[in-house]
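1. model this:
(chains A and B)
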Protein chains: 2
Amino acid sequence: MSVLIVGTVAFDTVETPFGRAERILGGSATYASLAARAIGAPVQLNAVVGADFPDAHIEALTSRGVDCEGLVRDPDGETFFWAGRYHYDLNTRDTLATHLNVLATFEPDLPASYRSPEVVCLGNLDPTVQGSVIDQASGGDPLVIADTMNFWIENTPDALAETLSRVDVLVINDEEARQLSNEANLVRAARAIRELGPKTLIVKKGEHGALLFAGDEVFAAPAYPLEDVIDPTGAGDAFLGGFAGHLVRSGSSDAETMRQGIVIGSALASFVCEAFGPDRLLEVTDAELNQRIGAFRRLSEVREILAA
Amino acid sequence: MSVLIVGTVAFDTVETPFGRAERILGGSATYASLAARAIGAPVQLNAVVGADFPDAHIEALTSRGVDCEGLVRDPDGETFFWAGRYHYDLNTRDTLATHLNVLATFEPDLPASYRSPEVVCLGNLDPTVQGSVIDQASGGDPLVIADTMNFWIENTPDALAETLSRVDVLVINDEEARQLSNEANLVRAARAIRELGPKTLIVKKGEHGALLFAGDEVFAAPAYPLEDVIDPTGAGDAFLGGFAGHLVRSGSSDAETMRQGIVIGSALASFVCEAFGPDRLLEVTDAELNQRIGAFRRLSEVREILAA
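-> The predicted structure follows:
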């Protein structure tokens, strides 16, 4: 039983109104893996780093129980680097630098032990790379969960369509959902996107929470109203990892389990926002997590009501 | 037992991507009153109309049980007129015309029977007018619920501060909350605003739902994911009227009752969006409303979850 997480392991330089962090551990696969591990889901990580990536960072992942057999080191290049600056409201950011480095030529070649996962969790990557992972990991007929972004919607629509036809759960933000479907209304957007392949759609709305379209139902989860958002980097990836991790450990992907997965993913994402980098994911305790999950459920709890 | 609703009764001309409606019945007090009546709350309406206002519109209100003794007709002027055009996504709109007409000189003078309500519901009006209503309606020590908007925050901050000190529940949108508090973070904004007077704050977020800050708790309600939004005009006012109406009919203003009031207000607001004008509020049945309220509760329902 495991979730295969494929994405980036990176150096991030992040500026927010509350400070700056230089070349800290980042990347979609880092946040997703640590989030899944925080709830005890077995994680197999596939990503590439460069010659400059410190062993201490790998140690941080393995000490949390992330299987790093598939974490490839490319000795001829540098680790993927991203730099960004958040605006005053922390809901929008500018990308200051994206150095693909070793990611530019990364072609996943999964270890034998990675080829039969129950769940495949694909971070935002070239859809062709995502498709190659689905090919290699198809041994156990896994549930495929994928992220994507506007860059691929605009620049590689055909490759994206091909990959989407093989995705079970697509996780994107509201702007991307509108762009991918050409529909302003999210209910219509969701219907159009689900006709492209993914039976289930999760729309992330940042500080406004997330919507799950699964089966005939919609589930609306608020975001946790945090007073001190320090750095939202990685929150979406932790959400994805927590969601995927909950499906794996539950051995189920029915709509109820997905609702729970969204609450767990949201709780984990809220911890990520409380500090720069993935530090809170590395140290969060079960007690803290249970407390936050309980607060999440209480957040939208309401007694039965009659119209008249 | 009654809720006193003070606001505008108006003619609206509305353009959306789905059509245009010319000089239809509108106004904050119209929508709020009909919403409160739809759940059976006794409503006393105070507003002004001009010589041009048709008896048929008044009849529409009285036939739904709205007490219109305080609906004043000013024979020397025309009814308040608003025209607006919604953008493609229906979340933003441009105001094309605002003719205050009889509203410019409106000074509420409540009938004797209106002076002891349990709840006062003040639509978006000059804060000085809102203050005058609070003075006149203070006979029964009512709970005061008020709306306001950026115009008053920018142009009459002192009068607004004076009125806010007498308001129990303030209902504004997220942009106004940030503007009023000078805080980007909504949790901090809520704390700052609650120090100005209102013990309870409701932040409306349009298609993203609403947040209630009451006592030590936050309640997050999603908006109902409608596939066909035809005209959102009046949705916020129906939300307010439904919320106030539920408090009145429950004889309570504790946090649980307010949570329910938000769900009821949201359900009523969702009906308003389904057609031009207040038609859906005039015809909605208890069965339809109960079905929608049930769907609302199901929308954010999730089973208990443990971290590990």
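
2. which residue would you name as the spatial centre of chain A?
-> Ranked by distance to the mean C-alpha position of chain A (Cα atoms, centre = their mean), the top residue is A:Asp237 at 2.7 Å.

3. mind checking pLDDT for the nearest residue to it once chain neighbours are set aside?
-> The shortest distance from A:Asp237 to any residue that is not its chain neighbour, by Cβ to Cβ, 6 or more residues apart in numbering or on different chains, is 3.6 Å, and that residue is A:Tyr31. No exception for glycine: its C-beta is placed from N, CA and C like everyone else's. The per-residue pLDDT reported for A:Tyr31 equals 98.

4. so what touches the host helix or strand of A:Tyr31?
-> Secondary structure here is read from DSSP states H and E; on that basis A:Tyr31 sits in helix A:28-38. Helix A:28-38 is contacted by residues A:3, A:5-10, A:43, A:45-47, A:61, A:64-66, A:121, A:123-124, A:147, A:234-235, A:237-242, A:244-245, A:248, A:265, A:268-269, A:272, A:278, A:281-282, A:284, A:289, B:307 when judged by Cβ atoms under 8 Å, 6 or more residues apart in numbering or on different chains.

5. make a ChimeraX selection of the buried ones in the residues you listed.
-> Buried members of the contacts of helix A:28-38 can be picked out in ChimeraX with the line below, counting by 16 or more other Cβ atoms under 10 Å in any protein chain shown:
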select /A:3,5,6,7,8,9,10,43,45,46,47,61,64,66,121,123,124,147,234,235,237,238,239,240,241,242,244,245,248,265,268,269,272,278,281,282,284,289 /B:307
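
6. restricted to strands, list the contacts of helix A:28-38.
-> Helix and strand membership here follows DSSP state E; of the contacts of helix A:28-38, those in strands are A:Val3, A:Ile5, A:Val6, A:Ala10, A:Val43, A:Leu45, A:Asn46, A:Ala47, A:Cys121, A:Asp147.

7. was I right to think the second one contacts A:Gly123?
-> Yes. In this structure A:Ile5 lies within contact range of A:Gly123 using Cβ atoms under 8 Å: 7.3 Å.

8. what strand or helix carries A:Gln130?
-> Here A:Gln130 sits within helix A:127-136, counting by DSSP H and E.

9. likewise A:Val171?
-> Here A:Val171 sits within strand A:169-173, counting by DSSP H and E.

10. now the element after that strand, going C-ward?
-> Using DSSP H and E, the helix or strand that directly follows strand A:169-173 along the chain is helix A:174-181.

11. just the CA atoms from that following helix would do, formatted as PDB, please.
-> C-alpha atoms of helix A:174-181 as PDB (Å, rounded to 0.1, in the frame of the first residue of the first chain):
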ATOM      1  CA  ASP A 174     -10.600  28.200  -9.900                       C
ATOM      2  CA  GLU A 175      -8.900  30.400 -12.500                       C
ATOM      3  CA  GLU A 176      -7.400  27.300 -14.200                       C
ATOM      4  CA  ALA A 177     -10.800  25.600 -14.100                       C
ATOM      5  CA  ARG A 178     -12.400  28.600 -15.900                       C
ATOM      6  CA  GLN A 179      -9.500  28.700 -18.400                       C
ATOM      7  CA  LEU A 180      -9.500  25.000 -19.100                       C
ATOM      8  CA  SER A 181     -13.300  24.900 -19.700                       C
END
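
12. can you pull out the helices in chain A?
-> A:28-38, A:55-63, A:127-136, A:150-155, A:157-164, A:174-181, A:186-194, A:235-250, A:255-272, A:279-283, A:286-299 (DSSP state H).

13. now do the buried residues in the longest one.
-> In other words, helix A:255-272. The neighbour-count check on helix A:255-272 (16+ other Cβ under 10 Å) flags A:257-272 as buried.

14. and chain B, which of these contact it?
-> Restricting those to those adjacent to chain B (criterion: Cβ under 8 Å from any Cβ of the partner chain) gives A:Arg259, A:Gln260, A:Ile262, A:Val263, A:Ile264.

15. how about the nearest residue to the residue of the stretch 1-150 of chain A found nearest chain B, chain neighbours excluded?
-> Proximity to chain B, evaluated over the stretch 1-150 of chain A using Cβ to the nearest Cβ, is greatest for A:Asp89 at 4.2 Å. With Cβ to Cβ, 6+ apart as the criterion, A:Asp89 has its nearest non-adjacent residue at 4.2 Å, and that residue is B:Ala184.
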